[in-house]
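Asks: Give me a 3D structure for the following:
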Amino acid sequence: MAWGRDVAFGEHWEQFIIEYFNYTSVRKMNGKFGAFDYICVKEGGHSIVLREIKADRISKRTGNLVIEFLSKGKESGIYTTHADYWTYCVIGEHDELDVYDIPVWFLKRGIQEQAFCEIKMGGDDSAMFVFKSSFFDAYKLDLNQPYTGP
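Replies: Numbering: from 1, shown residues only. Here you go, the predicted model:
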């Protein structure tokens, strides 16, 4: 898939999940700002959540979630995020959707404890931790229920 279509795909699912979260206010961080993707505010402004939101069409087939930590030879992704949550949308061939709303502290602990199954190198001097999606089952959302998290 071409880069522009990949961006549109990701933005579509980002918007879908942001609407599901039902925040009072959401601000997308555009450009090369890499610390997080969204600032989200709950009703009353008492809860501010910083989020990374990722959409992946391959994970449904492989059963893996990949978490970037290196891009163009520099630390990125999980190593540079300031987000509170890493929201991972897994989209199947017919738009079936699984969503994992993973606290970043849990993800970083999994890396520290080497709970990932491999490190995968990518083009453009990139690298990713590969986790079995089942490692995050406790954070899988039931999209048939209203969101009650932060």
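Asks: Just give me how far stretch 119-131 sits from the chain centre.
Replies: 16 Å (Cα atoms, centre = their mean, to the nearest Å).
Asks: again but with stretch 22-40, I slipped
Replies: 13 Å.
Asks: Check the contact between residue 149 and residue 103; I expect there is one.
Replies: No. Applying Cβ atoms under 8 Å, one finds residue 149 not in contact with residue 103, separated by 9.6 Å. No exception for glycine: its C-beta is placed from N, CA and C like everyone else's.
Asks: Looking at the two now, which is surrounded by more residues?
Replies: Set residue 149 next to residue 103 and count neighbours by other Cβ atoms under 10 Å: residue 103 wins out with 15 against 12.
Asks: Just the helices from this protein, written as ranges.
Replies: Using DSSP state H, the helices of the chain run over 3-21, 59-62, 104-112.
Asks: Could you dump the ones you listed into JSON lines with mean neighbour count added?
Replies: Formatted as JSON lines, the helices of the chain follow (neighbours: other Cβ atoms under 10 Å):
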{"stretch": "helix 3-21", "mean neighbour count": "14"}
{"stretch": "helix 59-62", "mean neighbour count": "16"}
{"stretch": "helix 104-112", "mean neighbour count": "15"}
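Asks: mind checking which of these is nearest residue 142?
Replies: helix 3-21 (10.9 Å; Cβ to Cβ).
Asks: Return the closest one as CSV; C-alpha atoms alone will do.
Replies: As requested, the backbone C-alpha atoms of helix 3-21 are provided in CSV (Å, rounded to 0.1, in the frame of the first residue of the first chain):
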residue,chain,number,x,y,z
TRP,A,3,2.5,5.8,1.9
GLY,A,4,-0.4,8.3,1.4
ARG,A,5,-3.0,5.5,1.6
ASP,A,6,-1.3,4.2,4.7
VAL,A,7,-1.6,7.6,6.3
ALA,A,8,-5.3,7.8,5.4
PHE,A,9,-5.9,4.3,6.8
GLY,A,10,-4.2,5.2,10.1
GLU,A,11,-6.1,8.5,10.4
HIS,A,12,-9.4,6.8,9.7
TRP,A,13,-8.9,4.4,12.6
GLU,A,14,-7.5,7.1,14.8
GLN,A,15,-10.7,9.1,14.3
PHE,A,16,-12.9,6.0,14.9
ILE,A,17,-11.2,5.2,18.3
ILE,A,18,-11.1,8.9,19.4
GLU,A,19,-14.9,9.0,18.8
TYR,A,20,-15.3,5.8,20.8
PHE,A,21,-13.4,7.3,23.8
